[in-house]
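Asker: Take a look and give me a structure for this.
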Amino acid sequence: MDILNDEILFVGTAEAEHVEMYLKAIWHIKERGEDVKISTIAKMLNVRQPSVVQMLKKLNTKELVHYNKAGVKLTEEGQRVGASMMRNSRLLEVLMESALKVEIDEEMVCGIEHHMNKQFTDALCTMLKHPRKCPHDHDIPTGECCKSA
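Answerer: Predicted coordinates for the structure are as follows:
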């Protein structure tokens with residue numbers, strides 16, 4: 001049996017997806033113009049507040065957020081990851097509604113968005129003709145591909 005012809009299965013890490021979800025939630029709260037509060041993050045992600053505090057400490061150590069008594073602020077890298085996750089999910093929503101004509105399935109979107117690389121996201125964005133708004137009328141963060149369009 002030739003191993004090169006076998007399908008390769010990929011198992012992503014739940015830890016990486018959790019990090020991305022927290023950054024996406026913080027990014028979204030900031031986008032709405034709200035203060036980033038532990039209670040708001042907890043409600044958005046449907047987790048308990050102590051879990052949020054624990055993750056914020058971890059994100060602070062990884063230099064993805066600045067977390068202290070003053071509050072929570074995304075670092076430049078945290079901002080980049082949060083915007084990238086939001087871009088992925090909003091482009092997937094456009095794909096489902098406009099191109100595939102299927103009902104938007106947020107659980108499916110959430111499952112896929114973590115596995116999209118820049119090349120795939122830019123290709124999807126180009127295929128969809130660089131949409132600026134998702135079906136929920138939120139802005140879609142622009143990518144490199146949008147600058148040349």
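Asker: and the residue nearest in space to the middle of the chain, what does it touch?
Answerer: Among the residues of the chain, the smallest C-alpha distance to the mean C-alpha position (Cα atoms, centre = their mean) belongs to Met85, namely 2.0 Å. For Met85, the contact set (Cβ atoms under 8 Å, 6 or more residues apart in numbering) comprises Glu20, Met21, Leu23, Lys24, Trp27, Glu113, His114. No exception for glycine: its C-beta is placed from N, CA and C like everyone else's.
Asker: For the residues you listed, work out which two are farthest apart.
Answerer: Distances among these were taken as Cβ to Cβ; the most separated pair is Trp27 and His114, at 14.6 Å.
Asker: Mind pulling the model confidence for the nearest residue to Val36 once chain neighbours are set aside?
Answerer: In space, Val36 comes closest to Val72 once its chain neighbours are excluded; the distance is 4.2 Å by Cβ to Cβ, 6 or more residues apart in numbering. Turning to Val72, the model gives it a pLDDT of 95.
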